[in-house]
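Participant: the following comprises the amino acid sequence and a computationally predicted model.
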Amino acid sequence: MNIRQFVKSIIFIGIFLFALVTVTYILRTNGDVKDRFSGFYAEKNETLDIVMIGSSPIFPFYSAPKLWGETGITMYPLSSNVQRPMAAKYLIEETEKTQSPSLYVFEMRMYTMNDEDLSENMAYTRGVTDNMKYSVNRIKTIQALVPETKDRLSFYIDIFNYHTNWRMLTLSSELKNWRYHKPSELKGFDIKDEVGPIKMPSSGGAEGKRAVPEAQEENLRNLLNYLKEKEHNALFIVSPYNETLEEQQMFNYITDVIESDGYSFINMNDYYDEIGIVFEEDYADYGSHTNAVGAEKCTDFLENYLLENYEFKDKRGERGYESWDKSYDLWLEGLNEAKKTIEEHILNEDYAVKQE
């Protein structure tokens, strides 16, 4: 092969790989998780103050647009449904490629669950790996989260998993994802206007300790060691939900582990009154995820804690943050509409369908 042929081959391979990656990004199944991750990649470099990592309790509980509009703090949820705790370290590394947040916030609900149960359904793992851009870090994440007994090839080259999604090529919203770089109008937040009432749990504030599953304690200790090694500041939280006594006692155990390493942990199930949460009205799905009213209350609680315990620069009015101002306006508009719908649901006892 002469030099000319070699150069042509390299150019052909480069064009092929570019096309493969581009088409894969478009074909990945659309939805809020995809939009959240591509929205993260679309944020301007070095503009995020806080990155939240964890499972679904993050994006319907805490409104980043509200936090911005009231404090000038930029926060983004790098979260996915039933996110496995093992993914946290790799999501930090993904974050550090473009951002240098002064605080990471970790939602801890998944640390009470057996990792074997979470890994049985690999869709939870794909929620992370299939929403990361192609990179060495993505390969490392797959190697950590996907056992060798599984078909790792379909994770590495995930178009194998989405090759039937050709209709995505007809959707303008997905064509914008050709770089996996599509701005999120609400900065990853999800407004919910359903109501799923439940009685307030009696376990909040309960005493006693119970060890978390061994694999999750190992994940937590590894994460704490990594944070200390990298000198990252971190806050650990549990969002208020319909927890059991066993889970409350696991969080009491987690408190000791985290605080012994010098980090702060807040179990919001100990602060129902301070939050003002009303389980009969403020949840969209019977105690698991808040609707917009519950999110407003939880964001207020977190906002007050952040302002009391950390120092952030108020960046409202600075150039480069215009999208955050628009996001705040959209949040206010969406909140007002959601409140009307939620009030009607409560008045008419028109409640969300329970998921079996």
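Facilitator: Alright, I've got the coordinates.
Participant: all strands for the stretch 151-300 of the chain, in order.
Facilitator: Along the stretch 151-300 of the chain, the segments classed as strands by DSSP state E, counting those that start in this stretch run 234-238, 264-267.
Participant: middle-most residue in this protein, spatially?
Facilitator: Nearest to the centroid of the C-alpha atoms of the chain, with distances taken as CA atoms, centre = their mean, sits Ser79, at 1.5 Å.
Participant: partner residues bridging that residue?
Facilitator: Gly54 (DSSP bridges).
Participant: OK, contacts around it?
Facilitator: Residues touching Ser79, when contacts are defined by CB atoms under 8 Å, 6 or more residues apart in numbering, comprise 36, 52-56, 58-59, 107, 188. (C-beta placed from N, C-alpha, C; glycine too.)
Participant: that one and Ile13, how far apart?
Facilitator: Here the criterion is CB to CB, to the nearest Å. By it, Ser79 lies 35 Å from Ile13.
Participant: before we move on, back to that, from Phe61, how far out is the residue nearest to the centre of the chain?
Facilitator: Counting by CB to CB, the gap from Ser79 to Phe61 is 10 Å.
Participant: now Ser323
Facilitator: Going from Ser323 to Phe61 by CB to CB gives 22 Å.
Participant: can you check Val136 too?
Facilitator: Separation of Val136 from Phe61 (CB to CB): 32 Å.
Participant: who's more crowded, these two?
Facilitator: When Val136 is set against Phe61 and neighbours are counted by other CB atoms under 10 Å, the residue ahead is Phe61, at 26 against 8.
Participant: that's a strand at that one, yeah?
Facilitator: No. Residue state for Phe61 (DSSP: H, G, I helix; E, B strand; the rest coil) corresponds to coil; a strand is not indicated.
Participant: give me the below-cutoff pLDDT ranges for this protein.
Facilitator: Applying pLDDT under 70 to the chain picks out residues 1, 356.
Participant: mind naming the longest helix for it?
Facilitator: Secondary structure assigned by DSSP state H gives helix 322-348 as the longest helix of the chain.
Participant: and that helix, what does it pack onto?
Facilitator: Contact partners of helix 322-348 among helices and strands, from 3 or more CB pairs under 8 Å, 6 or more residues apart in numbering; DSSP states H and E: helix 64-71, helix 292-309.
Participant: need those helices in JSON lines with mean neighbour count and distance to Asp273, can you?
Facilitator: Conversion of the helices and strands packed on helix 322-348 to JSON lines gives the following (neighbours: other CB atoms under 10 Å; distance: least, CB to CB, whole Å):
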{"stretch": "helix 64-71", "mean neighbour count": "22", "distance to Asp273": "21"}
{"stretch": "helix 292-309", "mean neighbour count": "19", "distance to Asp273": "11"}
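Participant: which of those helices sits closest to Asn219?
Facilitator: Comparing those by their distance to Asn219 (CB to CB), the top pick is helix 292-309, with 23.3 Å.
Participant: centre of the chain versus the closest one, how much separation?
Facilitator: The chain centroid and the centroid of helix 292-309 are separated by 17 Å, computed with CA atoms, centre = their mean, to the nearest Å.
Participant: what does that helix rub up against?
Facilitator: For helix 292-309, the external contacting residues (CB under 8 Å, 6+ apart) are 50, 60-63, 66-67, 70-71, 73, 103, 189, 191-193, 237, 239-240, 264, 266, 268, 271, 274-278, 281-284, 290, 312, 334-335, 338-339, 342.
Participant: about what we covered before: list the buried residues for the longest helix of the chain?
Facilitator: Within helix 322-348, the residues scored as buried using 16 or more other CB atoms under 10 Å are 323-324, 327-328, 330-331, 334-335, 338, 341-342, 345-346.
Participant: what's the answer for stretch 192-201, then?
Facilitator: The neighbour-count criterion (16+ other CB under 10 Å) identifies 192-197, 201 as the buried residues of stretch 192-201.
Participant: still on that earlier bit, could you export the helices and strands packed on helix 322-348 as TSV, including distance to Met250?
Facilitator: Formatted as TSV, the entries for the helices and strands packed on helix 322-348 read as follows, by distance: least, CB to CB, whole Å:
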stretch	distance to Met250
helix 64-71	28
helix 292-309	21
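Participant: can you say which of these is nearest to Thr29?
Facilitator: Distances from Thr29 to each of these were compared by CB to CB, and the smallest falls on helix 64-71, at 23.8 Å.
Participant: what's the angle from that closest one to helix 292-309?
Facilitator: Calculated by axes from the mean of the first three to the mean of the last three CA atoms, to 10 degrees, helix 64-71 forms an angle of 50 degrees with helix 292-309.
Participant: fine by me, we can end here.
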